[in-house]
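Participant: whatever this is, show me its structure:
(one chain, ligands or ions: 2)
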Amino acid sequence: MGDLILAIDQGTTSTRAMLFSDPTRVVAVAQEEFAQSYPRSGWVEHDPEVLIETMLRTVRDVLARARREAGEIAAIGITNQRETTLIWDRTTGRPIAPAIVWQDRRTHAACERLRAEGAEPMVSARTGLLLDPYFSATKIAWMLDSVDGARAAAERGELAFGTVDSWLIWRLTGGRVHATDATNASRTLLFDIRANAWDPELCALFGVPMAMLPEVRDSDGDFGTTDPAVIGAAIPIRGVAGDQQAATLGQACFRPGMMKATYGTGAFVLLVTGDEPVASSNRLLTTIAVRRGGRTRYALEGAIFVAGAAVQWLRDGLGVVGHAAESGPLAERADPAQDVYLVPAFTGLGAPHWDAEARGAIFGLTRGTGPAELARAALESVCFQTGDLYAAMHEDFAGGEATVLRADGGMAVSDWTMQRLADLLAHPVDRPAIAETTALGAAWLAGAAVGAWPDEDDFARMWARERRFEPAMAEEERLRRVEGWRDAVRRTLSG
Ligand SMILES: Nc1ncnc2c1ncn2[C@@H]1O[C@H](COP(=O)(O)OP(=O)(O)O)[C@@H](O)[C@H]1O
Ligand SMILES: O=P(O)(O)OC[C@H](O)CO
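Facilitator: Ligands and ions are numbered 1, 2, ... in the order given. So this is what the prediction gives:
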């Protein structure tokens, strides 16, 4: 058996392949961005073949960079953008339509109809999710209804549905395995997260024939071996998890109360709650954090739509910075006497506010307000939104140790933002030594499954911190600023 673990991270804007020699060492990384398609307002699609091509190219590249062979890989872990929906023909292997991406809003009306019929309480109780176009179920129905003959073919068992993990597995195994893991299944609106099974009533409600669903396996289950014709060797696929769950594992957040926040374009915050799902009274999502060896653990999840995107806006919209990395040093120079708040509701507000109609606003402008105050307001808005999720999560879940908040993603590189986050949360923020937490989580699932990597406790002990940011803001100042933010949000909400 080889000594390497390969992680494939198929994300929304790029595909990455990463080789690890052990949980503390990345041997090589390859990444390729790909085109987004926006055929109509609110629609977002990916070309399924491009997802496969970029996967195969990055795998080849990462091996070439490391000067290693496919045969030296002991196991593969796959992690992926979640909810994005694909349907393909089981015989030809051809997708029937472009992939509908998680951000796509075309099924808004279908969700509204179901809500008006009173379906949401049942759907939420079983799936832990909300009736929203974000999740897969209404996207599947949309595809079946818009492609000629698709619904009948799906009912005859000729079509296969999959989230991106299933699609990659199908192609890697030469069409032999049609499976997903429990974390990905828990994002479809079709999966009962307590029973750990596809739910026939939900499938009927959304009009999804059960014959098209993949088999749901443990996140560290056996997903078959790669077809040697595809990547040059027969390698077991032994780890699969949605990217936010994989990051939670890569951050070694296993115990109840442990929390991770990933700051990319948007941000995803997950709080591990343990062996029982916790229902939220703040419209947070309840989701499967991982299922290993038949044991399921759950998390509460909240999303911030605009995180790094606020920094992009500073750069591309306002032109006050030339590069994202300049935003922290600029914010540092802001006048402490000015209270300027940016509510970046560019596309509405996510949890716990859930206001799709809200639009962004800036409060507290004076003649003295300049680029530094705007930069500070943009970076702080990400901290305040994390604070809102943090408060909502701890209202929903009082248990556990609540000892750590571990941050990762492109924006976590900003020392200023991480310090301000610790200040405004009045809670330490830890940044990991291995920043590639998503890939690490997928690699760990696979590495531990084949016995090459340590199991949970030892892996958690190996997790290393690069830096801890300790809260340093005076409490009076913190409360004043948090109240200022809440007031700004109240004035921004549409209703
Ligand atoms: N030094 C920095 N300070 C603040 N924001 C940053 C910095 N570096 C990157 N970012 C922001 O982080 C985001 C990129 O993070 P990444 O994890 O690559 O995102 P994604 O996976 O969503 O593309 C961008 O929106 C960028 O503006
Ligand atoms: O591909 P990312 O990193 O933007 O993550 C997307 C999420 O999985 C969507 O739920």
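Participant: do you know the pLDDT at residue 266?
Facilitator: According to the prediction, residue 266 has pLDDT 88.
Participant: so it sits right up against residue 302, yeah?
Facilitator: No. Residue 266 is not in contact with residue 302 according to CB atoms under 8 Å; the separation is 10.8 Å. Placement of C-beta: from N, CA and C, glycine included.
Participant: settle it for me: which of the two has more neighbours?
Facilitator: Each of residue 266 and residue 302 has its neighbours counted (other CB atoms under 10 Å); residue 302 has more, 25 against 19.
Participant: where does the prediction get shaky in the stretch 251-400 of the chain?
Facilitator: Across the stretch 251-400 of the chain, residues meeting the criterion (pLDDT under 70) sit at 399-400.
Participant: quick one: the strands in it?
Facilitator: Using DSSP state E, counting those that start in this stretch, the strands of the stretch 251-400 of the chain run over 259-263, 267-274, 285-292, 295-304, 341-343, 361-363.
Participant: export these to JSON lines and append columns for distance to residue 65.
Facilitator: What follows is these, written out as JSON lines (distance: least, CB to CB, whole Å):
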{"stretch": "strand 259-263", "distance to residue 65": "25"}
{"stretch": "strand 267-274", "distance to residue 65": "29"}
{"stretch": "strand 285-292", "distance to residue 65": "30"}
{"stretch": "strand 295-304", "distance to residue 65": "33"}
{"stretch": "strand 341-343", "distance to residue 65": "40"}
{"stretch": "strand 361-363", "distance to residue 65": "44"}
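Participant: residue 348: neighbour count?
Facilitator: 16.
Participant: that one and residue 357 touch, don't they?
Facilitator: Yes. With contact defined as CB under 8 Å, residue 348 reaches residue 357; the gap is 6.5 Å.
Participant: residue contacts, the nearest residue to residue 228 once chain neighbours are set aside?
Facilitator: Setting aside the residues directly before and after it, residue 228 is nearest to residue 234 in space (CB to CB, 6 or more residues apart in numbering), at 5.2 Å. By CB atoms under 8 Å, 6 or more residues apart in numbering, residue 234 lies in contact with 225, 226, 227, 228.
Participant: swap in residue 363?
Facilitator: 340, 341, 343, 487, 488, 491.
Participant: tell me which helix or strand the last one sits in.
Facilitator: With elements taken from DSSP states H and E, the one containing residue 491 is helix 475-492.
Participant: which strands or helices does that helix pack on?
Facilitator: In terms of contacts (3 or more CB pairs under 8 Å, 6 or more residues apart in numbering; DSSP states H and E), helix 475-492 is packed against strand 341-343, strand 361-363, helix 371-396, helix 415-425.
Participant: buried ones in stretch 272-281?
Facilitator: For stretch 272-281, burial by neighbour count (16 or more other CB atoms under 10 Å) applies to 272, 273, 274, 277, 278, 280.
Participant: kindly report the residues of the protein close to ligand 1.
Facilitator: Proximity of the chain to ligand 1, by CB under 6 Å from any ligand atom, involves residues 11, 13, 264-265, 308-309, 311-312, 324-325, 327-328, 409-411, 413-414.
Participant: so which of those residues reach ligand 2?
Facilitator: Filtering those for proximity to ligand 2 by CB under 6 Å from any ligand atom leaves 11, 264.
Participant: now, of the residues of the chain next to ligand 1, which are buried?
Facilitator: Looks like the residues of the chain next to ligand 1 have 11, 264-265, 308-309, 311-312, 324, 327-328, 409, 411, 413-414 buried, using 16+ other CB under 10 Å.
Participant: save the helices and strands packed on helix 475-492 as a markdown table, and put in distance to residue 186 too.
Facilitator: As requested, the helices and strands packed on helix 475-492 are arranged in a markdown table below (distance: least, CB to CB, whole Å):
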| stretch | distance to residue 186 |
| --- | --- |
| strand 341-343 | 30 |
| strand 361-363 | 34 |
| helix 371-396 | 17 |
| helix 415-425 | 27 |
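Participant: residue 19: which element?
Facilitator: Using DSSP H and E, residue 19 falls in strand 14-22.
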